[in-house]
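Novice: need a 3D model of the following:
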Amino acid sequence: MTEAVGDDGVVLLSFGDPATAWDAEAAREFKQASLWRRAWHSARRWHGAAVDLAGAADRALDWLRKFATPRGLAQSYAPGLGDPVVCPGTTARALATLSTFGEQKLARALAESLVGLQRPDGALPDATGQVVSLVNTGWLVEAALAAGDWFPCQESWQRAAAFLAARVDLRGRLLLPKRQGGAIDSWAHPTIHLAWAPALLAAAERAGEPRWRVAGERLVSRLLRTHDVTAWQMPTHLGLWLVLALVQMRMHTLAKTAMLPLVAAMGRDGSLRARRDVRWTSAPGLALAAQVWARLGQVARADAALAALVTHQLPGGALPGSWGWQANYFPGRAVTGAALALLDAVHARVEAEFAAAAEAIPSKIDPRDGRAAAVLAWSAQLAPTARVADLGCGRGRYLALLREARPRMAVAAMDLSPELLNSVQGATERRVGSLLRAPAHDGEFDAVLAVESLEHALLPERAVAEMCRIVRPGGSVLVIDKDAACWRASEHASWERWFVPGELSQWLARYCDDVTARPLEHGPRGEGRGLFWAWTGRKRAAADVGIDPSTDRGAPRRRAA
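Specialist: Alright, predicted model coming up:
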């Protein structure tokens with residue numbers, strides 16, 4: 001057993017035989033790489049060369065929409081099967097990702113295609129359609145849980161979970177299908193099955209099935225007991241699924257240990273060797289590494305990996321399979337899994353930012369502040385018993401104002417962070433969800449507000465559509481956010497979007513009448529001028545909207561000047 005100290009001061013232990021354990025030289029390598037990356041990121045911030053993560057996510061989504069087919073999402077490669085071919089596993093992963101980004105219409109189409117591919121016993125086949133794949137079946141369960149009410153057949157994912165649980169014997173061993181063919185189950189390392197264990201455990205909790213939970217725990221226990229998951233030898237685009245599963249099961253120390261070899265081997269440009277014995281980078285592997293680091297709270301490493309990915313993103317939004325010297329993982333072809341992994345990594349990075357800043361988010365605001373005054377003036381025009389939702393509420397400081405001024409109102413707090421929601425005072429209910437997929441039914445609320453939260457939405461046009469979706473016809477919408485003219489005068493995250501007043505007014509006008517925009521003062525004495533604007537609108541009747549919020553993209557977003 002050896003140890004190395006991470007950037008955050010945590011001692012990471014590496015267990016295994018002497019041939020795979022880390023020695024002192026590797027630890028020194030790790031520290032040198034860490035120091036270099038810190039200097040590199042400082043230089044990038046100083047020169048204003050922040051990576052446009054929101055733009056990268058937008059381009060990747062556009063490319064995925066074009067690549068989708070009526071039968072599912074086509075994978076751009078399939079060894080020995082021709083090109084392209086619809087891959088059930090890739091379709092399932094795409095369903096989970098697109099659900100996160102609020103792509104309702106496409107997510108439902110992919111869900112229907114997966115239900116059509118599913119076998120009577122609940123299993124999902126591989127790309128040939130002839131061979132059962134446990135990994136693909138696990139991704140089906142994960143996708144269905146992520147899609148929620150968008151998944152057309154709830155019984156479908158339950159059959160899939162029951163099938164997976166039945167393939168685990170009393171000792172935790174897998175009962176693999178006799179015919180495996182080219183399925184990933186047959187040629188990948190046995191620990192690849194850790195990838196679907198979190199989905200089975202989550203399904204057991206959702207359905208209240210203790211047998212599924214026991215089967216999942218037995219599988220995880222046996223794989224961890226019989227294999228050293230911190231010394232995996234698979235390429236990054238396979239091995240990192242195991243590490244991501246560890247993170248999902250909250251085995252963070254083990255996950256950090258498994259990531260330590262990658263930290264030491266990281267290139268100066270943020271790239272990552274696909275294996276120790278090669279000098280090329282796998283794009284989906286690098287995106288998976290970025291997601292794992294973001295979920296572990298190691299944001300500097302995640303930023304380095306994301307910067308390398310965005311650098312290699314093609315103008316149309318796709319990513320090549322790999323790049324570098326003697327790259328052999330489809331280097332000249334766009335890989336669907338890489339675009340999906342990029343989107344997941346960007347979303348995980350945003351979540352990590354909010355988790356890290358949770359303590360710094362204020363819980364109160366002076367009622368004399370221009371933003372508070374605008375919220376109170378807006379609420380005075382609503383019915384005394386109106387149902388109001390605050391999207392991206394943080395610690396609920398505006399909800400507290402509403403409850404004090406209008407005690408009969410029913411106010412719902414919505415935020416991406418469960419930790420922040422737990423600290424909200426005065427809300428009648430709390431719902432976890434993002435601006436891209438608001439946890440509410442169509443027309444459920446009389447009014448909705450978003451104060452300094454739209455700027456953090458990766459796709460703000462989509463977020464405006466979501467706000468208007470959950471408001472009833474005739475209901476009121478309020479947005480308070482920052483002026484793009486002040487962009488260069490402030491520090492901010494790379495994915496933030498500040499708004500040209502006329503631009504956001506146009507987004508609201510697609511769904512609302514009586515759209516207004518006016519500047520606000522902020523601070524208790526109004527000393528702050530010009531940074532904030534308030535936009536309001538009244539939603540038109542459903543028949544007059546004429547646009548499906550789940551598919552409307554609107555005009556191309558302009559970067560704040």
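Novice: low pLDDT regions in this structure?
Specialist: Applying pLDDT under 70 to the chain flags the ranges 1-50, 69-85, 178-182, 426, 488-492, 524-530, 542-561.
Novice: so who does the spatially most central residue of it touch?
Specialist: Nearest to the centroid of the C-alpha atoms of the chain, with distances taken as Cα atoms, centre = their mean, sits H347, at 3.2 Å. With Cβ atoms under 8 Å, 6 or more residues apart in numbering as the criterion, the residues that contact H347 are A57, T100, F101, L458. C-beta coordinates here come from the backbone N, C-alpha and C atoms, glycine included.
Novice: so where do the helices sit in the stretch 401-550 of the chain?
Specialist: Assigned helices in the stretch 401-550 of the chain, in chain order: 418-422, 460-469, 501-509, 542-545 (criterion: DSSP state H, counting those that start in this stretch).
Novice: what comes up buried for the third one?
Specialist: For helix 501-509, the buried set under the neighbour-count rule, 16 or more other Cβ atoms under 10 Å, comprises P501, E503, L504, S505, W507, L508.
Novice: who does that helix touch, helix- and strand-wise?
Specialist: Using 3 or more Cβ pairs under 8 Å, 6 or more residues apart in numbering; DSSP states H and E as the contact criterion, the elements in contact with helix 501-509 are helix 460-469, strand 471-482, strand 512-522, strand 528-539.
Novice: could you identify which of these is most buried?
Specialist: For these, average neighbour numbers computed from mean count of other Cβ atoms under 10 Å are highest in helix 460-469, which has a mean of 26.
Novice: which other helices and strands contact it?
Specialist: For helix 460-469, the helices and strands in contact under the criterion 3+ Cβ pairs under 8 Å, 6+ apart are strand 387-391, strand 445-451, strand 471-482, helix 501-509.
Novice: will you turn those into CSV that also has distance to V168?
Specialist: Conversion of the helices and strands packed on helix 460-469 to CSV gives the following (distance: least, Cβ to Cβ, whole Å):
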stretch, distance to V168
strand 387-391, 41
strand 445-451, 44
strand 471-482, 46
helix 501-509, 49
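Novice: where along the stretch 251-400 of the chain do the strands fall?
Specialist: Defined through DSSP state E, counting those that start in this stretch, the strands belonging to the stretch 251-400 of the chain, from first to last, are 279-282, 322-325, 387-391.
Novice: dump these to CSV, plus distance to R119.
Specialist: Listed next are those as CSV, based on distance: least, Cβ to Cβ, whole Å:
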stretch, distance to R119
strand 279-282, 31
strand 322-325, 33
strand 387-391, 40
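Novice: in JSON lines, list those along with mean neighbour count and distance to A465.
Specialist: Shown next, in JSON lines, are the strands of the stretch 251-400 of the chain (neighbours: other Cβ atoms under 10 Å; distance: least, Cβ to Cβ, whole Å):
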{"stretch": "strand 279-282", "mean neighbour count": "24", "distance to A465": "35"}
{"stretch": "strand 322-325", "mean neighbour count": "18", "distance to A465": "36"}
{"stretch": "strand 387-391", "mean neighbour count": "26", "distance to A465": "12"}
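Novice: which of the ones you listed sits closest to R430?
Specialist: Set against R430 and scored by Cβ to Cβ, those come closest in strand 387-391, at 10.4 Å.
Novice: now do the closest one against helix 460-469, angle only.
Specialist: 170 degrees (axes from the mean of the first three to the mean of the last three Cα atoms, to 10 degrees).
Novice: adjacent strands (with direction) for strand 387-391?
Specialist: Counting by DSSP bridges, the strands paired with strand 387-391 are strand 410-415 (parallel), strand 445-451 (parallel).
Novice: residues making contact with the last one?
Specialist: The contact list for strand 445-451 (Cβ under 8 Å, 6+ apart) reads 371, 375, 378-379, 382-383, 386-392, 398, 412, 435, 463, 467, 470-472, 475-481.
Novice: now it and strand 528-539, what's the angle there?
Specialist: Relative orientation of strand 445-451 with respect to strand 528-539: 160 degrees, computed using the same axes, to 10 degrees.
Novice: now the first one
Specialist: When the same axes, to 10 degrees is applied, the directions of strand 410-415 and strand 528-539 differ by 120 degrees.
Novice: on that earlier part again, how about the strands paired with strand 387-391 in a markdown table, adding mean neighbour count and distance to S186?
Specialist: Rendered in a markdown table, the data for those read as follows (neighbours: other Cβ under 10 Å; distance: least, Cβ to Cβ, whole Å):
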| stretch | mean neighbour count | distance to S186 |
| --- | --- | --- |
| strand 410-415 | 24 | 43 |
| strand 445-451 | 25 | 49 |
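Novice: Throw these into a markdown table and include distance to V115, thanks.
Specialist: Rendered in a markdown table, the data for those read as follows (distance: least, Cβ to Cβ, whole Å):
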| stretch | distance to V115 |
| --- | --- |
| strand 410-415 | 29 |
| strand 445-451 | 31 |
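Novice: which parts of the stretch 1-150 of the chain are strands?
Specialist: Under the criterion DSSP E, counting those that start in this stretch, the stretch 1-150 of the chain carries strands at the ranges 2-5, 11-14, 68-69, 72-75, 85-86, 124-125, 132-133.
Novice: partner strands of the last one, parallel or antiparallel?
Specialist: Looking back up the chat, that one is strand 132-133. The strands that strand 132-133 pairs with in its sheet are strand 124-125 (antiparallel) (by DSSP bridges).
Novice: what's next to the partner strand, contact-wise?
Specialist: Applying Cβ under 8 Å, 6+ apart, the external contacts of strand 124-125 come out as 88-89, 92, 114, 117-119, 131-133, 136-137, 139-140, 160.
Novice: closest one of these to L244?
Specialist: W139 (12.2 Å).
Novice: G392 contacts A413, correct?
Specialist: No: using Cβ atoms under 8 Å, G392 is not in contact with A413; the gap is 9.8 Å.
Novice: which one is P439 nearest to, not counting chain neighbours?
Specialist: Distances taken as Cβ to Cβ, 6 or more residues apart in numbering put G433 closest to P439, at 3.4 Å, once the chain neighbours are dropped.
Novice: the one you found: neighbour count?
Specialist: Residue crowding around G433 was assessed by other Cβ atoms under 10 Å; the count is 17.
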